[in-house]
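Participant: have a look; sequence and predicted model below, questions after that.
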Amino acid sequence: MNRAMETVDKYSRVACWNFCKNQKYRKEILILDASLRNFFLVNLPVDPHKNITLIQVQLKHLAERLERIMARNRNTSRRTFNRS
């Protein structure tokens with residue numbers, strides 16, 4: 001990403017009549033574009049699966065904690081009714 005930002009910044013400073021530099025930066029930008037497209041097509045689909053797995057594990061832990069809290073509250077309420 002930094003390389004892309006630097007290339008675009010350099011390209012924006014080139015005068016429109018400087019054909020040689022325009023062609024050079026145009027090729028660099030096309031290469032970067034292809035690289036970014038490849039990155040987003042290949043690498044990003046993997047991350048949602050990883051995130052979903054992490055979320056599922058966290059939800060499982062939260063559900064277990066909630067069950068323990070609810071069980072503790074049920075036991076406490078039973079003791080209260082038994083004392084009355």
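Facilitator: Happy to help now that I have it. All values reported here derive from a predicted model rather than from experimental measurement. Residues are numbered from 1 along each chain as shown.
Participant: where do the helices sit along the chain?
Facilitator: Secondary structure of the chain by DSSP state H: the helices cover 2-12, 19-42, 46-83.
Participant: dump those helices into JSON lines; add mean neighbour count as well.
Facilitator: C-betas here are computed from N, CA, C, even on glycine. Formatted as JSON lines, these follow (neighbours: other Cβ atoms under 10 Å):
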{"stretch": "helix 2-12", "mean neighbour count": "12"}
{"stretch": "helix 19-42", "mean neighbour count": "12"}
{"stretch": "helix 46-83", "mean neighbour count": "10"}
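Participant: confidence-wise, which of those helices is weakest overall?
Facilitator: Comparing mean pLDDT across the helices of the chain, the weakest is helix 2-12, with a mean of 72.
Participant: helices or strands next to that helix in the packing?
Facilitator: helix 19-42 (3 or more Cβ pairs under 8 Å, 6 or more residues apart in numbering; DSSP states H and E).
Participant: give me the contact list for the helix it packs on.
Facilitator: Under the criterion Cβ atoms under 8 Å, 6 or more residues apart in numbering, residues 3, 4, 7, 8, 10, 11, 14, 16 lie in contact with helix 19-42.
Participant: closest to residue 70 out of these?
Facilitator: Using Cβ to Cβ, residue 4 comes nearest to residue 70 of those, at 51.9 Å.
Participant: that closest one and residue 11: what is the separation?
Facilitator: 10 Å (Cβ to Cβ, to the nearest Å).
Participant: go on, residue 38?
Facilitator: Following Cβ to Cβ, the distance that separates residue 38 from residue 11 is 21 Å.
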